[in-house]
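Visitor: Model the structure of this input:
(one chain, ligands or ions: 1)
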Amino acid sequence: MAPKVLISDKLSDAAVQIFKDRGIDVDFKPDLGKDKVELLKVIGDYDGLAIRSATKATEKIIANATNLKVIGRAGIGTDNIDKDAASKAGIIVMNTPFGNMITTAEHAIAMMFAVARQIPEASESTHAGKWEKSKFMGVELTGKTLGVIGAGNIGGIVCDRARGLKMKVIAYDPFLSQEKADKMGVEKVELEELLPRADFLTLHVPKTEQTANMITAERIAMMKKGARIINCARGGLVDEEALAEALKSGHIAGAAFDVFAVEPATDSPLFNLPNVVVTPHLGAATMEAQENVALQVAEQMADYLLTGAVANA
Ligand code: MLT
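Guide: Numbering: from 1, shown residues only. Model prediction:
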């Protein structure tokens, strides 16, 4: 009998086609992820579950998933999956680490420009017919120091693009070798050195026990007066309360956040502060990236279900 896969989030149609072409029985129910009760009822029928971020593969869902062999996350972060529960149940968890890295890096660069030139506020004011030309004085990126925390797949692309913008790039990443840093044209530094030197700070690390709340009030105080902070990685890396205070006092000049401690974020200490640019976790939201991650997750899951080959687990 053909393996059965459930797609419970909005995945590109390309994924459905791949499963079909590989002889897998696929149910595409893009809104099911939000309906925990219904998901709980049907999950026992499936060998594979393909998700983005709306579906939460909790301990309870996994306990009911008696036939499940693989959960595929079309994206990088797997924080919406209870990995301990999956591992105990012998379920493989896969992600697609490469499909959306360019898109996410581009969003961080876009957010850096947006906060440097107050583009969202200037746009809103212009739409309102105000023509406040002298209100929106920005800063140049050329010659400024960008502090990158995490110079892996996404952070590495941000470093490359920032160098193209003629920024001086310094990076804190315990996994970055000196040789690689030299190749990238990036100065490898410790966090304590990066914070006071950065004009712009951007984070590109997953949220783990080590990185949660890593940018505390104390570390924000170590930053240069007038610096700007960009977070397109994971909510909860930066203490939002502390940052809001630093923005109000003028110690930090601006912030651009795509991710929040609690998502969906309907409220945050950062909301409605001047020169804070916010987007609703759009880091991976391009046509290209969504196509890439959907294709990758479907191929990887099909490989595992049909041949036992494991990738990106
Ligand atoms: C990811 O983990 O791939 C990104 O944060 C994108 C997303 O969650 O939609």
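Visitor: Taking this protein, what residue is nearest to the ligand?
Guide: Gly75 (2.7 Å; C-beta to the nearest ligand atom). All C-beta spots, glycine's among them, are computed from the backbone N, C-alpha and C.
Visitor: Check which helix or strand that residue maps to.
Guide: Following DSSP states H and E, there is no helix or strand that holds Gly75.
Visitor: That one contacts Arg52, correct?
Guide: Yes: if you go by C-beta atoms under 8 Å, Gly75 and Arg52 touch, sitting 6.0 Å apart.
Visitor: returning to what we had before: distance-wise, check the residue of the chain closest to the ligand relative to Met137.
Guide: Gly75 sits 37 Å away from Met137, going by C-beta to C-beta, to the nearest Å.
Visitor: Looking at Gly75 and Arg52, which one has more neighbours?
Guide: Gly75 (25 against 21; other C-beta atoms under 10 Å).
Visitor: Can you get me a residue count around Thr55?
Guide: 25.
Visitor: picking up where we left off before, could you tell me which residues make contact with the residue of the chain closest to the ligand?
Guide: Neighbouring residues of Gly75 by C-beta atoms under 8 Å, 6 or more residues apart in numbering: Arg52, Ser53, Asn95, Thr96, Gly99, Asn100, Ala284, Val293.
Visitor: Residues of the stretch 151-300 of the chain that sit close to the ligand?
Guide: His281, Gly283, Ala284 (C-beta under 6 Å from any ligand atom).
Visitor: Which pLDDT value goes with the closest residue to Lys56 other than its chain neighbours?
Guide: Of all residues not flanking Lys56 in the chain, Asn80 sits nearest, at 5.1 Å (C-beta to C-beta, 6 or more residues apart in numbering). Asn80 carries a pLDDT value of 94.
Visitor: burial of Asn80, as a residue count?
Guide: Neighbours around Asn80, by other C-beta under 10 Å: 19.
Visitor: Trp131 now?
Guide: Count around Trp131 with other C-beta under 10 Å applied: 9.
Visitor: what's it in contact with, if anything?
Guide: Ser125.
Visitor: can I get the residues of the stretch 151-300 of the chain next to the ligand in TSV with pLDDT and neighbour count?
Guide: TSV is the format used below for those (pLDDT from 0 to 100; neighbours: other C-beta atoms under 10 Å):
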residue	pLDDT	neighbour count
His281	97	18
Gly283	97	26
Ala284	96	25
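Visitor: Could you tell me which of those belong to strands?
Guide: Judged by DSSP state E, strands contain none of those.
Visitor: Lys10: which of these is nearest?
Guide: Proximity of these to Lys10 (C-beta to C-beta) peaks at Ala284, which lies at 12.1 Å.
Visitor: Leaving out the residues flanking it, which one is nearest to the closest one?
Guide: Asn100 (3.9 Å).
Visitor: so what's the one you found up against?
Guide: Gly75, Ile76, Gly283, Ala284, Thr286, Ala289, Gln290, Asn292, Val293.
Visitor: likewise Glu140?
Guide: Ala116.
Visitor: same thing but 6 Å
Guide: For Glu140, the contact set (C-beta atoms under 6 Å, 6 or more residues apart in numbering) is empty.
Visitor: for Leu40, same thing?
Guide: Asn64.
Visitor: Please identify the helix or strand for it.
Guide: helix 36-42.
Visitor: distance of Arg73 from Thr286?
Guide: 18 Å.
Visitor: Neighbour count for the two, which is higher?
Guide: Arg73 (25 against 16).
Visitor: next one: phi and psi at that one?
Guide: Main-chain torsions, Arg73, degrees, to the nearest 10: phi -100, psi 110.
Visitor: Pull the number of nearby residues for the nearest residue to it once chain neighbours are set aside.
Guide: Leaving aside its sequence neighbours, Arg73 sits nearest to Asn95 (C-beta to C-beta, 6+ apart; 4.6 Å). Asn95 has 22 neighbours, counted by other C-beta under 10 Å.
Visitor: Let me see the contact set for Asn95.
Guide: Asn95 touches Arg73, Ile76, Thr78, Asn312, counting by C-beta under 6 Å, 6+ apart.
Visitor: With respect to Pro30, which of the residues you listed is nearest?
Guide: Of all those, Pro30 sits closest to Arg73, with 15.2 Å by C-beta to C-beta.
Visitor: Across the sheet, point out what pairs with that closest one.
Guide: In this entry, Arg73 is beta-bridged to Ile51, by DSSP bridges.
Visitor: Tell me how far it lies from Gly143.
Guide: Using C-beta to C-beta, we find Arg73 at a distance of 39 Å from Gly143.
Visitor: Please apply the same query to Ser134.
Guide: 24 Å.
Visitor: Comparing these two, which residue is more hemmed in?
Guide: Neighbours per residue, other C-beta under 10 Å: of Ser134 and Gly143, the larger number sits with Gly143, 10 against 6.
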